[in-house]
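Chemist: just the structure for this:
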Amino acid sequence: MSKTQARKQSRRSSFKRLPKGPNGGVQLLLIQSVEHLGKQGDVVEVRPGYANNYLLPQGLATLASDHHKRMVDKHRAKLLEIEKARFAHLQSLADAISKQSITIDALANDEGHLYGSVGANEIVAELKRNDFHLTPNQIRLEGPLKELGLYTVKVHLHQDVDAELKVWVVPTAADQGSTAK
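Modeler: Numbers count the residues shown, from 1 in each chain. Reported below is the predicted structural model:
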């Protein structure tokens, strides 16, 4: 056997394959809940690339071994308690957001059409000023806001928790002064 063949053979043997599931995918145990996949403690079957490139490196899942399953079963009550506390916190946050009304200044013409648009980034920035720290992907817009007026925007906090936020898009003070002349 030549040196290159020996190197290739040692590389192949050092690479650990993930255990296959009944449908040809990889079976993993979710450490954290993953939206559109499963909740914490679920055994899921995913494609190898999704497992190797996302779930395992991010620490969202681990191999579905008997040992890990026993550990999750042992700590399931504690996990449920933590999840209930988190859910209650998100529910109170959703109630607080639903009571909020934010105002965003934008440049507009006389008919009320905006020069540009208002998107999730502007809404998140305004919410940050009111001490609500969200990310733009939690704001669910059907499209950018392109006219002046009142909009009801969905805020997605958890797969089971959504809130509705009132967003006022008003002309900037410079616009109001120019239309009054």
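
Chemist: and the contacts of stretch 31-38?
Modeler: With contacts defined as CB atoms under 8 Å, 6 or more residues apart in numbering, stretch 31-38 is touched by 30, 39-40, 44, 46, 55, 59-62, 83, 159. For glycine as for every other residue, the C-beta is placed from the backbone atoms N, C-alpha and C.

Chemist: in it, which residues are buried?
Modeler: By neighbour count on 16 or more other CB atoms under 10 Å, the buried set for stretch 31-38 is 31, 33-34, 38.

Chemist: among those, which pair sits farthest apart?
Modeler: Pairwise distances across the buried residues of stretch 31-38 (CB to CB) peak at 11.0 Å, for the pair Ile31 and Gly38.

Chemist: if we can go back for a sec, of the contacts of stretch 31-38 - the most surrounded one?
Modeler: Compared across these, Ala61 has the highest neighbour count, 26 neighbours, by other CB atoms under 10 Å.

Chemist: so what pairs up with that residue in the strands?
Modeler: Beta-bridge partners recorded for Ala61 (DSSP bridges): Leu30.

Chemist: hmm, Asn52 and it touching each other?
Modeler: No - counting by CB atoms under 8 Å, Ala61 stays clear of Asn52, with 10.8 Å between them.

Chemist: end to end, how far does stretch 110-130 reach?
Modeler: Start-to-end span of stretch 110-130 (CA to CA, to the nearest Å) is 30 Å.

Chemist: got the buried residues for that stretch?
Modeler: 114, 118, 120, 122-124, 126-127.

Chemist: show me the residues you listed that map onto strands.
Modeler: Among the buried residues of stretch 110-130, the residues falling in strands (DSSP state E) are 114, 118.

Chemist: mind checking the SS state of the nearest residue to Arg140 once chain neighbours are set aside?
Modeler: Distances taken as CB to CB, 6 or more residues apart in numbering place Lys154 nearest to Arg140, at 4.1 Å, with adjacent residues excluded. Secondary structure state of Lys154, per DSSP: H, G, I helix; E, B strand; the rest coil, is strand.

Chemist: so Asp110 sits in a helix?
Modeler: No - read with three-state DSSP, Asp110 is coil and lies in no helix.
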